[in-house]
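*Asks:* Sequence below, structure please.
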Amino acid sequence: MQARFRRDATAILRLGTPLIVNNLVMAGMWVTNTMAAGRVGSEPLAGVAVGASYYQFFWLMGLGVLMSLPPLVAHAYGAGRDEEVGHRFRQGLWLSQFLAVPLLLALLAVRPVLQWFGVDERTVPHAVVYVHTLCLGMPAMLAYLAHRYMTEGVGWTRPIMFTAAVGLAVNVVGNLLFTLGHLGVPSLGAQGCALATVLAQWSMLAVMHLYQRRHRIYRRFGLFSRFERPSPATLRSILALGLPIGGSVISEGGLFSVAGMLMGTLGTEIVAAHQIALTWGAVMFMVPLAFHSATTVHVGHKVGAGNAAAGRFAGWSGIVMCGIFMAASALVIVAANERIPALFTTDRDVRALAAGLLLFVALFHVPDGVQVGAAGALRGFKDAHVPMAFNFVSYWMIGFPVAWWLGIREGHGPRGIWVGLILGLFACAVLLSLRYRQVSNRAVSTVATSGAAQAAPAGPAI
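*Replies:* Below you'll find the model as predicted:
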């Protein structure tokens, strides 16, 4: 068993290491935005925090739907159906742009939503201009995800790492120019952060597209060999898996977005402290998120090749890896919770609040790692509908009511809201782990039964 775990862990690390770099670089963009806005002032920082919470809710919708591409591509690749890989990619590109339209309309409606939530009036203008500027990059980011998930599905993840590095470099330079006002460029505050991100998003799409068009390893799939009209049948098959995955992603991401807007009702300093704690937690989460994606692909390749038993073990290996990393990360946070906020702001009050909230981040790290690992393993078996229901129950029937009741109704503020987040993650980790055991065992039993039936000797002719 240890040898099998080492083999699976090695395969997941091979697939996941470039994705870790990619995810950390992507998180680095939000960290850069947070640090740059924090240097301008607490109000722009609060605007970036609330605006990012609103933007990410809708961006996660598109990301979640397109996350159906890696398991679909992985199954086709594992079965040797190269033409299907190219077809899935082209239809994924169409879908990415179809998704952009309603998401952009929702983003443009940010002002009345924030006012309805009762967000501090000093924060609203900064948040609105931040979100409206980010709209310019939404079509590019969704198209980039279609490119990324295709190459992720076939297990070639290094291009993703290099592309993300380009994006971070552009984002850093953009923040120096447009947010902090270097080289004589006027400082645009929160809008400068958004503009830097938009430029990074378009740069990432351009680099990934050129790489896939020109590199020989992609020629076998014929990605750009011909123009394809939208195929209703293929789009339906992508949506059949993508919508429940999107629902799962939104259940978790939506809870954190709403939590950010609830924080916006408690004051500028609390929002800034929450953003620091959440940003650090998000950076640490990028590693198990990469293991999640690698586990989906690794399991998908094995299941696509007809080896459900190996796929089952690979899934458990991925879950264990996610949990171990997040346990280690929690220990780091506990040891350095008072030092971490100093990386983001010089405001003593904000730093003190953030140090306390980071301890809550440490508490939810292990269940967060287990649930994201289990979700990745389940997607490798193309199981999405029941996990979506489990996510909804965990986050919106447990997490959100507790967060609202303790944080707002009972007046415990940000700590009460974080308790709700922690309880939601614990519930989700338990439910998804139980679901994975059921689904993977059933898949193995089905294969065993089918194999026994085929091996049985034929009866006498009648």
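
*Asks:* Please name the nearest non-neighbouring residue to Asn337.
*Replies:* Leu358 (4.1 Å; Cβ to Cβ, 6 or more residues apart in numbering). Where you see a C-beta, it was placed from the backbone N, CA and C, and this is true even at glycine.

*Asks:* for that neighbour, what are its contacts?
*Replies:* Ala277, Trp280, Gly281, Ile333, Asn337, Ile340, Pro341 (Cβ atoms under 8 Å, 6 or more residues apart in numbering).

*Asks:* secondary structure element for it?
*Replies:* Assigned by DSSP states H and E, Leu358 belongs to helix 348-380.

*Asks:* rewinding a little: let me know the closest of the contacts of Leu358 to Trp94.
*Replies:* Gly281 (34.8 Å; Cβ to Cβ).

*Asks:* quick one: the closest one and Val361 touch, right?
*Replies:* Yes: Gly281 is within contact range of Val361, at 4.1 Å (criterion: Cβ atoms under 8 Å).

*Asks:* okay, those two: which has more neighbours?
*Replies:* Neighbour tally, Gly281 and Val361, criterion other Cβ atoms under 10 Å: the higher count belongs to Val361, 27 against 21.

*Asks:* hang on, that one packs against Val332?
*Replies:* No: checked against Cβ under 8 Å, the pair Val361 and Val332 is beyond contact range at 10.8 Å.

*Asks:* Does the longest helix belonging to the chain pack against any helices or strands, and if so which?
*Replies:* Criterion DSSP state H: the longest helix present in the chain is helix 413-455. The contact analysis (3 or more Cβ pairs under 8 Å, 6 or more residues apart in numbering; DSSP states H and E) places helix 413-455 against helix 232-263, helix 268-304, helix 308-336, helix 348-380, helix 385-392, helix 400-404.

*Asks:* Deepest in the core, which of those is it.
*Replies:* helix 268-304 (a mean of 26; mean count of other Cβ atoms under 10 Å).

*Asks:* Let me know the angle separating it from helix 308-336.
*Replies:* 160 degrees (axes from the mean of the first three to the mean of the last three Cα atoms, to 10 degrees).

*Asks:* Need the contacts of Leu358 in CSV (columns: pLDDT and distance to Gly47).
*Replies:* Output for those, formatted as CSV (pLDDT from 0 to 100; distance: Cβ to Cβ, whole Å):
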residue, pLDDT, distance to Gly47
Ala277, 88, 18
Trp280, 86, 19
Gly281, 87, 20
Ile333, 92, 26
Asn337, 86, 25
Ile340, 89, 22
Pro341, 89, 19
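
*Asks:* Among these, give me the pair with the biggest separation.
*Replies:* Top of the distance list for these (Cβ to Cβ): Gly281 and Pro341, 12.7 Å.

*Asks:* Let's have the helices and strands packed on helix 413-455 in JSON lines, adding distance to Gly167.
*Replies:* Listed next are the helices and strands packed on helix 413-455 as JSON lines, based on distance: least, Cβ to Cβ, whole Å:
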{"stretch": "helix 232-263", "distance to Gly167": "20"}
{"stretch": "helix 268-304", "distance to Gly167": "14"}
{"stretch": "helix 308-336", "distance to Gly167": "24"}
{"stretch": "helix 348-380", "distance to Gly167": "22"}
{"stretch": "helix 385-392", "distance to Gly167": "28"}
{"stretch": "helix 400-404", "distance to Gly167": "32"}
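
*Asks:* Flag the shaky bits of the stretch 51-200 of the chain, pLDDT-wise.
*Replies:* For the stretch 51-200 of the chain, no stretch has pLDDT under 70.

*Asks:* Helices of that one, residue ranges please.
*Replies:* Counting by DSSP state H, counting those that start in this stretch, the stretch 51-200 of the chain has helices at residues 69-78, 82-108, 110-117, 124-134, 138-153, 158-174, 190-214.

*Asks:* got JSON lines for those helices, with distance to Ala294 and mean neighbour count too?
*Replies:* Listed next are the helices of the stretch 51-200 of the chain as JSON lines, based on distance: least, Cβ to Cβ, whole Å; neighbours: other Cβ atoms under 10 Å:
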{"stretch": "helix 69-78", "distance to Ala294": "10", "mean neighbour count": "26"}
{"stretch": "helix 82-108", "distance to Ala294": "18", "mean neighbour count": "19"}
{"stretch": "helix 110-117", "distance to Ala294": "34", "mean neighbour count": "16"}
{"stretch": "helix 124-134", "distance to Ala294": "28", "mean neighbour count": "23"}
{"stretch": "helix 138-153", "distance to Ala294": "9", "mean neighbour count": "24"}
{"stretch": "helix 158-174", "distance to Ala294": "11", "mean neighbour count": "20"}
{"stretch": "helix 190-214", "distance to Ala294": "19", "mean neighbour count": "22"}
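
*Asks:* Compare those helices and give me the one nearest Ser42.
*Replies:* Of all the helices of the stretch 51-200 of the chain, helix 124-134 comes closest under Cβ to Cβ, at 10.4 Å.

*Asks:* Now do the closest one: which elements does it pack against?
*Replies:* The contact analysis (3+ Cβ pairs under 8 Å, 6+ apart) places helix 124-134 against helix 42-66, helix 82-108, helix 110-117, helix 190-214.

*Asks:* Pull the contacting residues for the closest residue to Ser237 other than its chain neighbours.
*Replies:* Spatial nearest neighbour of Ser237, excluding adjacent residues (Cβ to Cβ, 6+ apart): Leu72 at 7.4 Å. Taking Cβ under 8 Å, 6+ apart, we find Leu72 in contact with Arg88, Gly153, Ser237, Ile238, Leu241, Lys382.

*Asks:* Without its sequence neighbours, what residue ends up closest to the last one?
*Replies:* Beyond its immediate neighbours in the sequence, the residue positioned closest to Lys382 (Cβ to Cβ, 6+ apart) is Pro71, lying 5.5 Å away.

*Asks:* which of the residues in stretch 175-191 are buried?
*Replies:* For stretch 175-191, burial by neighbour count (16 or more other Cβ atoms under 10 Å) applies to Asn175, Leu176, Leu177, Phe178, Thr179, Leu180, Ser187, Leu188, Gly189, Ala190, Gln191.

*Asks:* Now the terminal residues of that stretch, how far apart.
*Replies:* Taking Cα to Cα, to the nearest Å, stretch 175-191 runs 10 Å from one end to the other.
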